[in-house]
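In: Provided below for reference: sequence and predicted model.
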Amino acid sequence: MLPTIAWDGDAIVMVDQRKLPVTETYVTCHTVNDVAKAIKTMVIRGAPAIGVCAAMGLALGAARSKATGTKQFTTEFQRNCDLLAATRPTAVNLFWAIERMKQAFAEGAQAGKSVDQLRTRLRVTADRIHDDDVESCRAIGRFGAAVVPDTARILTHCNAGALATAGYGTALGVIRGAVEAGRTVTVMADETRPFLQGARLTAWELLKDGIDTTVITDNMAGAMMRAGEIDLVVVGADRIAANGDTANKIGTYTVAVLAREHGIPFYVAAPWSTIDLSTPDGRAIPIEERPSREVTHVGNTQVAPSTAKIRNPSFDVTPAKFITGIITERGVYTAPFDVALRGTS
Ligand code: MRU
């Protein structure tokens, strides 16, 4: 499995997720501006991957800084944090990672470290955030395998895979963990309009792993459930509020309601960095509205009149009451989520 994001000397290289599955090309970021642009334009996407990328971007900015004194270095670091924080609003992992980098910086500065020492500190912290994310995903996979029956037809929405993390994936980590634990798993991937993360990315990476995957359009999920073709749903998350309400890719809410209607377990898989205890419930989660062109066009083909009014909220919130369990690297949490999540924070 190719790494989603990696260092190439002082630069950051990432697979261009806008081009998959047709071409496997890479984008190299030489500056923190390049990194911010890559996140905003979805070269890299997926909550944990965005966080890892921002942390590496801050280390990159520090490595490239010409500042000789800590004052200028600190001003630049702050500016870079603000720039990256303004890229995408919903995935809390972005803000979590920036906060961790700020903390590492502040502790170093307080201890009187030099500019060079601060640079090293930021690089070490970013690398730890990267490596911890892979570890978390593997643990999510191990815990998640326990909720997957011996033979399971699993529906997933969007891409919460290796491409959306530093590696292995969250929802797809559960699927990989189940396969590694010897379960017989087939996957149904919602195509996930408008950006098609399911059709383009989930199908691509699961097929690369030899996992039996069928792509359906989003409006087919209900019929598949009714026909008894789905045993379990597992999705990722962009932000989980303290009460368990979960923001994830637009369409997740619909899938959750359908799963409840058909008595199908609905699991959310996410690392602890996606849990935002400072947000009490889903109403307080900011939902990104993306460019209308994502809706009016599929690739370069126009599919809606140019005069049509367009809405493109990129995420929705699934109320906690529809969630069977939240699978994290610390274990599987069930309702009441407010008690369960706070109890382990
Ligand atoms: O807009 P995206 O592609 O960044 O949205 C991604 C999702 O909604 C994922 O399901 C979520 O980030 C979890 S990724 C492990």
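Out: Alright, I've got the coordinates. Just so it is clear, the model here is predicted, and its values are computed rather than measured. Residues are numbered from 1 along each chain as shown.
In: ranges for the strands of the stretch 101-250 of the chain?
Out: In the stretch 101-250 of the chain, strands defined by DSSP state E, counting those that start in this stretch lie at 151-156, 184-190, 213-216, 232-235, 239-241, 246-249, listed in chain order.
In: so which of those strands is nearest the ligand?
Out: strand 246-249 (3.4 Å; Cβ to the nearest ligand atom). From N, CA and C alone the C-beta is placed, and that goes for glycine too.
In: and the closest one, what other elements does it pack with?
Out: Strand 246-249 is packed against strand 239-241, strand 315-318, with contacts defined by 3 or more Cβ pairs under 8 Å, 6 or more residues apart in numbering; DSSP states H and E.
In: ok, and what's touching it?
Out: 90, 157-158, 192, 197, 235-241, 252, 268, 270, 282, 285, 287, 314-318, 320, 323, 326 (Cβ atoms under 8 Å, 6 or more residues apart in numbering).
In: and the angle from the following helix or strand past that strand to strand 184-190?
Out: Following the chain from strand 246-249 toward its C-terminal end, the next helix or strand by DSSP states H and E is helix 252-261. Using axes from the mean of the first three to the mean of the last three Cα atoms, to 10 degrees, the direction of helix 252-261 lies 130 degrees away from that of strand 184-190.
In: what's helix 252-261 in contact with?
Out: Counting by Cβ under 8 Å, 6+ apart, the neighbours of helix 252-261 from elsewhere in the structure are 155, 157-158, 190, 218, 221-222, 225, 230, 233, 235, 246, 264-266, 315-319, 322-323.
In: export the helix or strand that that helix is followed by to PDB, keeping only CA atoms.
Out: Following helix 252-261 in sequence order, the next helix or strand is strand 266-269 (DSSP H and E). Output of strand 266-269 as PDB, limited to C-alpha atoms (Å, rounded to 0.1, in the frame of the first residue of the first chain):
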ATOM      1  CA  PHE A 266     -24.400   1.300  12.100                       C
ATOM      2  CA  TYR A 267     -20.800   1.800  13.400                       C
ATOM      3  CA  VAL A 268     -18.600   4.900  13.300                       C
ATOM      4  CA  ALA A 269     -14.800   4.300  13.300                       C
END
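In: pLDDT below threshold where in the stretch 201-345 of the chain?
Out: Per-residue confidence of the stretch 201-345 of the chain (counting by pLDDT under 70) places the weak regions at 344-345.
In: leaving out the residues flanking it, which one is nearest to the residue in the stretch 201-345 of the chain that the ligand sits nearest to?
Out: Using Cβ to the nearest ligand atom, the point where the stretch 201-345 of the chain gets nearest to the ligand is G236, with a distance of 2.7 Å. The spatial neighbour of G236 that comes closest, neighbours along the chain excluded (Cβ to Cβ, 6 or more residues apart in numbering), is A160 at 2.6 Å.
In: contact partners for the one you found?
Out: Shown here is A160, whose contacts under the criterion Cβ under 8 Å, 6+ apart are G46, G169, T170, A171, L172, G173, V235, G236, A237, A269.
In: distance to C137 for the residues you listed - can I get that in CSV?
Out: Formatted as CSV, the contacts of A160 follow (distance: Cβ to Cβ, whole Å):
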residue, distance to C137
G46, 11
G169, 6
T170, 6
A171, 10
L172, 9
G173, 4
V235, 15
G236, 10
A237, 13
A269, 9
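In: which of the residues you listed fall within helices?
Out: Judged by DSSP state H, the subset of these located in helices is A171, L172, G173.
In: surely the first one and T156 touch.
Out: Yes: in terms of Cβ atoms under 8 Å, A171 counts as a neighbour of T156; the distance is 5.1 Å.
In: taking strand 184-190 as reference, get the angle to the helix ranked longest in the chain.
Out: Counting by DSSP H, the longest helix found in the chain is helix 115-145. Orientation note: helix 115-145 sits at an angle of 110 degrees relative to strand 184-190 (the same axes, to 10 degrees).
In: could you check how far helix 115-145 is from the centre of its chain?
Out: 15 Å (Cα atoms, centre = their mean, to the nearest Å).
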